[in-house]
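In: no sequence for this one, just the structure:
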């Protein structure tokens, strides 16, 4: 009879949450296996056995983030909301989430793997977050198109350019917060951006 592998003795959600915090605080490249071991309480063998590689753990941590704090970006796809209301809730919710002291500041997707040394794992990690940013940008564009179709956003607004504008603001929130710009000031700037879409 074939011998079965040892069962996992950890709670995956807890491990992913701990790894997410490390990647969020230090970025992909600077997060060492030693730091990930210390945060998760797992050995290197257990981490590699469960997730395959550091990049595999990072990809799962990104998925965990998107299902948790990062789910605020999904508000633009809520068809129960008017398009401008959805955009407003997403932008203001993003500021609130990224300035929440319960976790590292900024956005994991925006900050964790923007640049790297160029190794295969760094390239793979950057591809993971780049794909997510593309999804977010597409979601914003779709929301703006709904707004134009509904007459809530002027018909002369270019949905592609407008989505880039909104997405650039959202991505920039991370660096503004890390530079100690007060959340209240960012909320005021967000209102200016939203008012510009209405006119």
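Out: Received it, and whenever you're ready, just let me know what you need. Since the structure is predicted, the reported quantities are computational estimates derived from the model, not experimental observations.
In: Quick one: distance of the lengthiest helix in the chain to the chain centre.
Out: As assigned by DSSP state H, the longest helix anywhere in the chain is helix 120-150. On the basis of CA atoms, centre = their mean, to the nearest Å, helix 120-150 sits 10 Å off its chain's mean C-alpha point.
In: What is that helix packed up against?
Out: For helix 120-150, the packing partners by 3 or more CB pairs under 8 Å, 6 or more residues apart in numbering; DSSP states H and E come out as helix 54-67, helix 83-98, helix 108-111, helix 159-178. C-beta here means a position set from N, CA and C on the backbone, and glycine is covered the same way.
In: try 6 Å this time
Out: helix 54-67, helix 83-98, helix 159-178 (3 or more CB pairs under 6 Å, 6 or more residues apart in numbering; DSSP states H and E).
In: now those helices as TSV including mean neighbour count and distance to residue 108?
Out: Listed next are the helices and strands packed on helix 120-150 as TSV, based on neighbours: other CB atoms under 10 Å; distance: least, CB to CB, whole Å:
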stretch	mean neighbour count	distance to residue 108
helix 54-67	20	5
helix 83-98	20	10
helix 159-178	18	9
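In: The residue most central in space within the chain and residue 124: what is the separation?
Out: Nearest to the geometric centre of the chain sits residue 109, at 3.7 Å (CA atoms, centre = their mean). Residue 109 is 15 Å from residue 124, where distance means CB to CB, to the nearest Å.
In: Would you confirm that the residue nearest to the centre of the chain contacts residue 128?
Out: No: in this structure, residue 109 is not within contact of residue 128 by CB atoms under 6 Å, at 8.9 Å.
In: Now do the contacts for residue 10.
Out: Contacts for residue 10 (CB atoms under 6 Å, 6 or more residues apart in numbering) come out as none.
In: related to what we said a few turns ago, can you pull the contacts of the residue nearest to the centre of the chain?
Out: 129, 132.
In: The one 4 residues further on too?
Out: Counting by CB under 6 Å, 6+ apart, residue 113 makes contact with 28, 125, 126, 129.
In: Would you report the backbone torsion angles of it?
Out: Backbone geometry at residue 113, expressed as degrees, to the nearest 10, gives phi -150, psi 50.
In: any idea how far it is from residue 101?
Out: 24 Å.
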